[in-house]
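Trainee: test case, fold it:
(one chain, ligands or ions: 2)
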Amino acid sequence: MNVFITRVIPEAGLKLLKDAGFTVKQWTEKRKLSTEELIEECKWADALLSAGQQLNREFLEASAHLKVIALNSVGYDNVDIETATRLKIPVGNTPGVLSGATADTAFLLMMSAARNAFFMHKTIISGDWDFFEPTANLGKELTGGTLGIFGLGKIGVEMAKRCKGAFGMKVIYHNRNRNEDAEKELGATYVSFEELLKQSDVISVHTALTPETEGKFNAEAFRQMKSSAIFVNTARGKIHNEEDLISALNEKLIWGAGLDVTNPEPMKPGNPLLTMPHVAVLPHIGSATETTRDAMSKLAAENIIAGLKGERLPFPVNPEIYS
Ligand SMILES: NC(=O)c1ccc[n+]([C@@H]2O[C@H](COP(=O)([O-])OP(=O)(O)OC[C@H]3O[C@@H](n4cnc5c(N)ncnc54)[C@H](O)[C@@H]3O)[C@@H](O)[C@H]2O)c1
Ligand SMILES: O=C(O)[C@H](O)CO
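Mentor: Numbers count the residues shown, from 1 in each chain. Ligands and ions are numbered 1, 2, ... in the order given. Predicted coordinates:
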């Protein structure tokens, strides 16, 4: 059985595949494959382990022989799941193992925006660190503030735990469904989207990118937020409208922002968000720790192994193919 992998993955996952007796080919060029290249590579493969590739209808229809597709991510917005399901190709993802690391990144971005860390760092590089000014460079304290989580799933819960533990923040959330476990564990309160915008000192986005969440944080949403609020997005860049976010920051409708995800990715080096005060931007490194990336590669390998054995994937995103 042959497995094509669209990126070099950690040895931990690779070893599982090799120990299972599969022949593995990794794409080592530091660029994404075009759809045509991916179709060509997958002609040889029985399974695909995909990291960061767009798997569209054209690719899936040309690769309907694949017995399994394993994503090296929890997000699957870059896959045409409807087509994969129609073609009966099981698709697996990597939930849970990256929740802590990604919440750490959200926390880092929240703190960086609150204390203007990225902007102040640049003043050292430019030689503008001169003297201690008691009235300058003032940030925000978060103790006792309100954290608003948009999408209280696995990562959202981890972010809420960190903010409650560190700063005693009150947790409110808006979700597709109530999360009663989190309500009990964290004392989190369910609110409407409008109340989330109005009451939060920090809003942290943790939903999947879907037609309902795309562009959800737009001019209208930023207008309803507190002028002292910080907006954090570690989910997907398309959930906020970048132009509207820049305007909201320039017009001081909100205080700051922390982004691990942008639209497009990579963000262009001249983007105004990179030099604005109270803004912190990272290049989609939410899950990027050794421990977490090892664990993700193992889950992806487990999905491949199950799929190639004809078994149900341990982490399927289209479980309906089994019914
Ligand atoms: N920056 C990164 O590196 C990184 C890492 C991991 C995950 N992510 C992103 O984070 C997302 C969340 O991951 P997770 O593991 O917490 O997923 P999850 O499924 O556990 O949580 C997502 C939550 O969002 C809710 N939701 C979905 N649609 C909604 C809507 N329209 N309105 C309100 N709530 C809605 C769901 O009910 C769920 O509770 C992923 O889909 C991925 O896009 C980013
Ligand atoms: O969804 C995820 O797991 C991360 O964003 C990596 O793509």
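
Trainee: quick one, strands of the stretch 1-150 of the chain?
Mentor: Per DSSP state E, counting those that start in this stretch, the stretch 1-150 of the chain carries strands over the ranges 2-5, 23-26, 47-50, 68-71, 91-92, 146-150.

Trainee: which one of those is the most hemmed in?
Mentor: strand 68-71 (a mean of 28; mean count of other Cβ atoms under 10 Å). From N, CA and C alone the C-beta is placed, and that goes for glycine too.

Trainee: quick one: list the elements packing against it.
Mentor: Applying 3 or more Cβ pairs under 8 Å, 6 or more residues apart in numbering; DSSP states H and E, one finds that strand 68-71 makes contact with strand 47-50, strand 91-92, helix 290-308.

Trainee: now render these as CSV, adding mean pLDDT and distance to ligand 1.
Mentor: Formatted as CSV, those follow (pLDDT from 0 to 100; distance: least, Cβ to the nearest ligand atom, whole Å):
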stretch, mean pLDDT, distance to ligand 1
strand 47-50, 98, 15
strand 91-92, 98, 14
helix 290-308, 98, 9
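
Trainee: can those go into a markdown table with extra columns for distance to K18?
Mentor: Listed next are those as a markdown table, based on distance: least, Cβ to Cβ, whole Å:
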| stretch | distance to K18 |
| --- | --- |
| strand 47-50 | 13 |
| strand 91-92 | 19 |
| helix 290-308 | 9 |
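
Trainee: can you say which of the ones you listed is nearest to ligand 2?
Mentor: Closest approach to ligand 2 among the helices and strands packed on strand 68-71 is made by helix 290-308 (7.1 Å; Cβ to the nearest ligand atom).

Trainee: need the residues that contact that closest one.
Mentor: 1, 3, 9-10, 12-14, 16-17, 20, 22, 46-47, 49, 67-73, 90, 92-94, 97-98, 100-101, 287, 312-316 (Cβ atoms under 8 Å, 6 or more residues apart in numbering).

Trainee: and ligand 2, which of those reach it?
Mentor: 73, 98, 287 (Cβ under 6 Å from any ligand atom).

Trainee: pretty sure the first one sits against A51.
Mentor: Yes: between S73 and A51 there is a contact at 6.8 Å, judged by Cβ atoms under 8 Å.

Trainee: quick one, what contacts the residue of the stretch 51-200 of the chain found nearest ligand 1?
Mentor: The nearest approach of the stretch 51-200 of the chain to ligand 1 comes at G153, 1.7 Å away (Cβ to the nearest ligand atom). Applying Cβ under 8 Å, 6+ apart, we find G153 in contact with 175, 179, 206-207.

Trainee: alright, that wraps it up for me.
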